[in-house]
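Asker: Here is the input, now give the coordinates:
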Amino acid sequence: MTDSTFVPSRRSLLGGSLAAVAAAGLDGLSRTALAQAASASAPAAAPAAKPLPAFAAWKDGSVMIVHGANALETRRGALGSSVITPADRLYVRNNLPAPDAAILADRDAWVVQVDGVKNPRALTVKELKGMGLETVAMVLQCSGNGRGMFPSKPSGSPWQVGAAGCVLWSGVPVRAVVEALGGPLSGLKYMTGTGGEKLPEGVDPRTLMVERSVPLEAMGDALLAWELNGAPIPLAHGGPLRLIVPGYTGVNNIKYIKRLAFTAEQSEAAIQQHGYRMTALGQKSTNADPSVWEMGVKSWINGPLPDSGALAAGPCVIHGVAFGGLHAVKRVEVSVDDGKTWQEAKLVGPDLGRYAWRQFALAVKLPAGMHTLLSRAEDSKGNRQPELRVENAHGYGNTSWRDHGVKVVVA
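Answerer: Residues are numbered from 1 along each chain as shown. Below is the predicted model:
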């Protein structure tokens with residue numbers, strides 16, 4: 001069991017004060033003993049926060065965990081209890097350094113080449129703005145969100161739950177652009193986006209370029225977007241233009257898109273052929289492994305959390321978020337006893353469509369003691385959030401409800 005703020009104290013649950021509490025039995029414990037257990041289980045003082053990278057310096061540094069120059073995670077307790085994630089609290093994951101901010105000087109002049117259609121051509125953002133407009137609310141989530149919960153400790157940022165957010169994208173539907181250019185050529189199976197990051201001189205572009213292919217049907221709700229939460233997309237999130245593929249993991253939503261192509265085969269870029277593949281433990285990734293595309297049904301609790309110390313016995317509202325990837329959330333259940341029993345939570349707040357996450361809340365009365373809080377979701381197609389993660393070499397696609405639970409002490 002892990003959570004985004006409680007990893008260091010997980011072992012103390014087994015070997016420290018809380019283990020002693022569990023061994024003694026909870027019913028007869030004094031409030032003093034519970035308070036001591038809560039104090040012992042609380043995370044140690046966090047080290048000084050790393051500075052935000054320059055291209056994301058505008059973010060709220062008090063709520064961001066800096067894993068590296070291109071990897072920022074939102075603290076679990078900072079995800080809040082609303083549907084939309086503010087841009088200054090949204091995680092960042094870039095596979096390459098961001099381009100120079102000069103590309104934002106004249107956003108409307110940015111050019112994207114569209115190929116694989118009957119009338120291929122280059123289009124400026126200004127021209128795209130004259131071809132249509134839609135807004136979609138969707139969960140943006142890194143493929144490795146939850147990687148820090150894998151006992152195999154795969155390489156990469158040790159994300160807990162904070163490499164995700166629910167945001168609004170506005171732009172032109174890809175289908176409208178394709179229609180304006182005569183429609184796709186026949187026999188094509190994939191939509192392929194190429195990022196506009198600057199590559200080092202003298203290297204094979206295929207080894208480093210960010211270019212991803214997704215099944216052609218993903219075009220249906222895809223956007224070429226220029227706004228995030230009603231404002232021009234910041235450089236950190238792919239401005240001036242980003243390919244948005246609702247229901248698919250973040251890597252498939254290409255930042256700084258400079259080419260959109262409809263292709264018969266998947267991209268030859270390494271990030272497609274070998275990267276972001278569901279590879280068995282101990283094996284080398286190949287293009288025969290499943291590609292990391294659609295997101296699965298998932299939920300987690302955002303409050304109460306362990307780092308708030310002991311809670312007072314009595315009424316408590318357990319709340320969190322749930323999403324279904326390509327499908328709407330149908331229901332969420334919550335357990336306060338480590339999965340022994342479950343209660344259906346209420347879906348609260350506005351329903352912003354099948355790609356957005358839903359808030360859930362359950363009012364309970366928690367007696368004194370230690371409680372393991374869990375949530376599990378089900379989507380509109382009957383897909384249920386699994387208890388266990390799918391073990392894989394790179395720590396992708398963790399939707400385990402058991403991994404995402406939290407332990408709290410009530411005094």
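Asker: Can you list the residue ranges for helices in the stretch 51-200 of the chain?
Answerer: Here the stretch 51-200 of the chain has its helices, by DSSP state H, counting those that start in this stretch, at 125-128, 174-180.
Asker: need the ones you listed in TSV with mean neighbour count, mean pLDDT and distance to Leu235, can you?
Answerer: In short, each C-beta sits where N, CA and C put it, glycine included. Output for the helices of the stretch 51-200 of the chain, formatted as TSV (neighbours: other C-beta atoms under 10 Å; pLDDT from 0 to 100; distance: least, C-beta to C-beta, whole Å):
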stretch	mean neighbour count	mean pLDDT	distance to Leu235
helix 125-128	19	98	15
helix 174-180	19	98	22
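Asker: can I get those in TSV with distance to Val114?
Answerer: As requested, the helices of the stretch 51-200 of the chain are exported to TSV (distance: least, C-beta to C-beta, whole Å):
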stretch	distance to Val114
helix 125-128	10
helix 174-180	6
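Asker: who's in contact with the residue nearest the centre of the chain?
Answerer: Centroid check for the chain by C-alpha atoms, centre = their mean gives Gln141 as the closest residue, at 2.0 Å. Residues counted as contacts of Gln141 (C-beta atoms under 8 Å, 6 or more residues apart in numbering) are 163-165, 249-250, 295.
Asker: Among those, which are located in strands?
Answerer: The members of the contacts of Gln141 that map onto strands under DSSP state E are 164-165.
Asker: For the closest residue to Gly183 other than its chain neighbours, give its distance to Tyr190.
Answerer: Nearest non-adjacent residue to Gly183, counting by C-beta to C-beta, 6 or more residues apart in numbering: Lys118, 5.8 Å away. Distance from Lys118 to Tyr190, counting by C-beta to C-beta, to the nearest Å: 17 Å.
Asker: okay, the two: which has more neighbours?
Answerer: Taking other C-beta atoms under 10 Å, Lys118 and Tyr190 do not tie; Tyr190 has more neighbours (20 against 11).
Asker: Can you read off the backbone torsions of the closest residue in space to the more buried one that isn't next to it in sequence?
Answerer: Once flanking residues are discounted, Tyr190 sits nearest to Ser213: 4.1 Å by C-beta to C-beta, 6+ apart. Here is the backbone geometry of Ser213 (degrees, to the nearest 10): phi -110, psi 140.
Asker: where's the residue nearest to the centre of the chain relative to Met278, distance?
Answerer: 16 Å.
Asker: Out of the helices of the stretch 51-200 of the chain, flag the one nearest Ala98.
Answerer: Closest approach to Ala98 among the helices of the stretch 51-200 of the chain (C-beta to C-beta): helix 125-128, 17.8 Å.
Asker: hey, C-alpha coordinates of that closest one in CSV?
Answerer: Below are the C-alpha coordinates for helix 125-128, written out as CSV (Å, rounded to 0.1, in the frame of the first residue of the first chain):
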residue,chain,number,x,y,z
VAL,A,125,-2.6,28.2,-36.2
LYS,A,126,-4.4,31.3,-37.5
GLU,A,127,-5.8,29.2,-40.4
LEU,A,128,-6.8,26.4,-38.0
